[in-house]
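> Just to be clear, the model below is a prediction. Sequence and coordinates:
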Amino acid sequence: MSFWIIVGVLAAIAVWLIAIYNGLVAARNQGQTAWSQIDVQLKRRHDLIPNLVQVVKDAMGYEQETLTKVVQARNAAAAATGPAQSGPAEAALSAATRGLFALVENYPQLKANDNIKQLQEELTTTENKIAFARQFYNDSVNAYNTRIQSFPAVVAAASLGFHPMELFNMPEAEREVPKVALR
């Protein structure tokens with residue numbers, strides 16, 4: 001009789017470990033899928049920026065410094081891997097792109113250019129998609145991290161190879177309130 005009690009307890013522990021493991025795998029996979037969605041939107045953004053630079057380049061020959069900053073920021077962002085590297089690189093790219101858009105505003109012929117309008121609209125749409133994907137990723141990672149740190153999963157998570165995932169943090173520069181000057 002004690003043999004069956006031991007077998008029952010071992011079976012209950014096995015079922016418990018399987019349930020925890022499967023739940024952690026599902027949560028980790030959701031976080032990884034969410035990162036892939038961010039990556040897709042960042043790639044789209046990285047592909048749009050050279051087109052914008054090329055369209056603007058011809059009309060703004062003497063504004064090469066701004067264009068160079070955008071290209072360098074785009075290359076750095078495209079080379080970044082993972083949330084820790086991508087956050088600051090993407091913030092620098094956003095700042096450089098905003099600088100380019102501000103410069104375009106000073107050129108009436110560019111401001112009226114349909115190609116630039118379309119590229120700006122596509123970039124704005126992509127920025128919105130990135131923001132939503134970033135929010136979903138951070139929500140998924142938060143749920144996963146909470147799960148591996150909560151009882152009873154915390155007992156088995158580390159030994160089963162589950163470790164916390166990184167959040168996609170917003171750099172301090174993006175937290176600053178923009179300064180608006182009304183004329």
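It's in. Numbering: from 1, shown residues only.
> now the helices for this structure?
2-59, 64-79, 82-104, 108-111, 114-149, 153-157, 172-175 (DSSP state H).
> CA atoms only: put the fourth one into PDB for me.
Extracted as PDB, the C-alpha positions of helix 108-111 are listed here (Å, rounded to 0.1, in the frame of the first residue of the first chain):
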ATOM      1  CA  PRO A 108       8.700  73.900 -49.600                       C
ATOM      2  CA  GLN A 109       9.500  71.900 -52.700                       C
ATOM      3  CA  LEU A 110      10.200  68.800 -50.400                       C
ATOM      4  CA  LYS A 111       7.200  69.500 -48.200                       C
END
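> contacting residues for the spatially most distant residue from the centre of the chain?
Most distant from the centre of the chain: Met1, at 56.5 Å, with distances by C-alpha atoms, centre = their mean. The contact partners of Met1, by C-beta atoms under 8 Å, 6 or more residues apart in numbering, come to none. Using the backbone N, CA and C atoms, a C-beta is placed for each residue, glycine as well.
> before we move on, back to that, most neighbours per residue, which of the helices of the chain?
By mean neighbour count, with neighbours taken as mean count of other C-beta atoms under 10 Å, helix 82-104 ranks first of the helices of the chain at a mean of 18.
> So what's the gap between that one and the chain middle?
12 Å (C-alpha atoms, centre = their mean, to the nearest Å).
> which other residues reach it?
For helix 82-104, contacts defined as C-beta under 8 Å, 6+ apart pick out 35, 38, 42, 45, 49, 52-53, 56, 60, 63, 66-67, 69-70, 72-74, 76-77, 79-80, 110-111, 116, 120, 123, 127, 130, 137, 166-171, 173-174.
> now that helix against helix 64-79, angle please.
With axes from the mean of the first three to the mean of the last three C-alpha atoms, to 10 degrees as the basis, helix 82-104 and helix 64-79 are set at 160 degrees to each other.
> Just the C-alpha atoms of helix 82-104, please, in PDB.
Written as PDB, here are the backbone C-alpha positions of helix 82-104 (Å, rounded to 0.1, in the frame of the first residue of the first chain):
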ATOM      1  CA  GLY A  82      18.300  42.000 -28.800                       C
ATOM      2  CA  PRO A  83      16.300  44.500 -26.700                       C
ATOM      3  CA  ALA A  84      19.300  45.800 -24.800                       C
ATOM      4  CA  GLN A  85      21.100  47.000 -27.900                       C
ATOM      5  CA  SER A  86      18.100  47.800 -30.000                       C
ATOM      6  CA  GLY A  87      16.500  50.200 -27.600                       C
ATOM      7  CA  PRO A  88      19.300  52.900 -27.600                       C
ATOM      8  CA  ALA A  89      20.000  52.400 -31.300                       C
ATOM      9  CA  GLU A  90      16.400  52.800 -32.300                       C
ATOM     10  CA  ALA A  91      16.100  55.900 -30.100                       C
ATOM     11  CA  ALA A  92      19.100  57.400 -31.900                       C
ATOM     12  CA  LEU A  93      17.500  56.500 -35.300                       C
ATOM     13  CA  SER A  94      14.200  58.100 -34.200                       C
ATOM     14  CA  ALA A  95      16.000  61.300 -33.200                       C
ATOM     15  CA  ALA A  96      17.900  61.400 -36.500                       C
ATOM     16  CA  THR A  97      14.700  60.800 -38.400                       C
ATOM     17  CA  ARG A  98      12.900  63.600 -36.500                       C
ATOM     18  CA  GLY A  99      15.800  65.900 -37.400                       C
ATOM     19  CA  LEU A 100      15.400  65.000 -41.000                       C
ATOM     20  CA  PHE A 101      11.600  65.600 -40.900                       C
ATOM     21  CA  ALA A 102      12.200  69.000 -39.300                       C
ATOM     22  CA  LEU A 103      14.600  69.900 -42.000                       C
ATOM     23  CA  VAL A 104      12.200  68.900 -44.700                       C
END
